[in-house]
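Undergrad: my questions concern the predicted model and sequence given below.
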Amino acid sequence: FTIWVNDSAGQLNSSGLYFIIHDSVSPAALSFVTPTLSNDSASQDTYAFINLTFNEAHPSACILQFNGTVNYSMTLNGSDGIGPYCSFNVTSLAEGLHNYSVFVNDSSGLSVSTALRFFTSDRTAPVVSAVVPSTANVNRSSALNVSANASDALSSVLNVSLSFVNGSGTVLYSQSSALS
C-alpha cells in the first residue's frame, strides 16, 4: 500500500510503498540438532548448547525456557526464510536434573513450542566399595568370590568392571558387566 497526501497549494507527496504479509502458518518442523544433548541424557559439562532448526518464512524470535522459570532470548540465524535456526549456550550449570523447551515465534505472532526435554549435569564420580574375603580365607586353588556395591546419586551406573593386576602391572584377569 501507499499513502498519498496533497495540500491546498497542490503539493503532492507519498509515504512510499509498503507490503503486508498475511501469515497464517505457524513455525513447523522443530528439530534439535547437534550439539544439543539427547533427551534424558547425562553430561559432565558445565554448559548445555541448545540448537534448534525449524521451517518458517518470517521468524521473529526464539525463547528458551530453562528449568521452568528462566527465559532466554536465543540467537536467531538464517532469518531470511532459508534454513532458520536458533541457538543458546547455558553456562555455569549446577549438578542435577535440568529441563528446557523452546518457543519459536513468527512475525505474525504465531508461536509453537517443543516438548519438554530433560538432561542431567553430573560431574561427580560414582561411589564403589568392594566386598572381598579376608586374606586369611584365600586359597590359591579355590575360587575367589568378589562383589561390589556401586551407586551414583545423579546418573545411572552403566557397568562394573573387575581386573586382577599382578605386581608388575600385567592384567591377569578382567571382566565387565553391563547393568540395566
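TA: Good, I have the coordinates.

Undergrad: isn't Phe118 up against Gly68?
TA: No. The pair Phe118 and Gly68 fails to qualify as a contact (C-beta atoms under 8 Å) at a distance of 11.3 Å. In short, each C-beta sits where N, CA and C put it, glycine included.

Undergrad: what do the two both touch?
TA: Here Phe118 and Gly68 have Asn99 as joint contacts, going by C-beta atoms under 8 Å, 6 or more residues apart in numbering.

Undergrad: distance check, the residue sitting nearest the centre point of the chain against Ser92.
TA: Geometric centre of the chain, nearest residue: Leu37, 3.7 Å, by C-alpha atoms, centre = their mean. Leu37 sits 16 Å away from Ser92, going by C-beta to C-beta, to the nearest Å.

Undergrad: for Thr91, what are its contacts?
TA: 46-47.

Undergrad: helix, strand or coil for the residue nearest to the centre of the chain?
TA: With DSSP: H, G, I helix; E, B strand; the rest coil as the basis, Leu37 sits in coil.

Undergrad: find the nearest non-adjacent residue to it, please.
TA: Nearest non-adjacent residue to Leu37, counting by C-beta to C-beta, 6 or more residues apart in numbering: Phe119, 4.7 Å away.

Undergrad: find me the pLDDT at that neighbour, would you?
TA: If you check Phe119, the pLDDT there is 96.

Undergrad: how far away is it from Thr69?
TA: From Phe119 to Thr69 the distance is 17 Å (C-beta to C-beta).

Undergrad: low pLDDT regions in this structure?
TA: Of all residues in the chain, those with pLDDT under 70 make up the ranges 19-23, 79-82, 133-142, 180.

Undergrad: for the longest strand belonging to it, which strands pair with it and how are they oriented?
TA: Longest strand in the chain, counting residues (DSSP state E): strand 96-106. Strand 96-106 has its sheet partners listed here by DSSP bridges as strand 59-66 (antiparallel), strand 111-113 (antiparallel), strand 117-121 (antiparallel).

Undergrad: residues contacting the residue nearest to the centre of the chain?
TA: When contacts are taken as C-beta under 8 Å, 6+ apart, Leu37 is in contact with 43, 48, 119.

Undergrad: narrow the residues you listed to just the buried residues.
TA: Burial by neighbour count, 16 or more other C-beta atoms under 10 Å: within the contacts of Leu37 this picks out 43, 48, 119.
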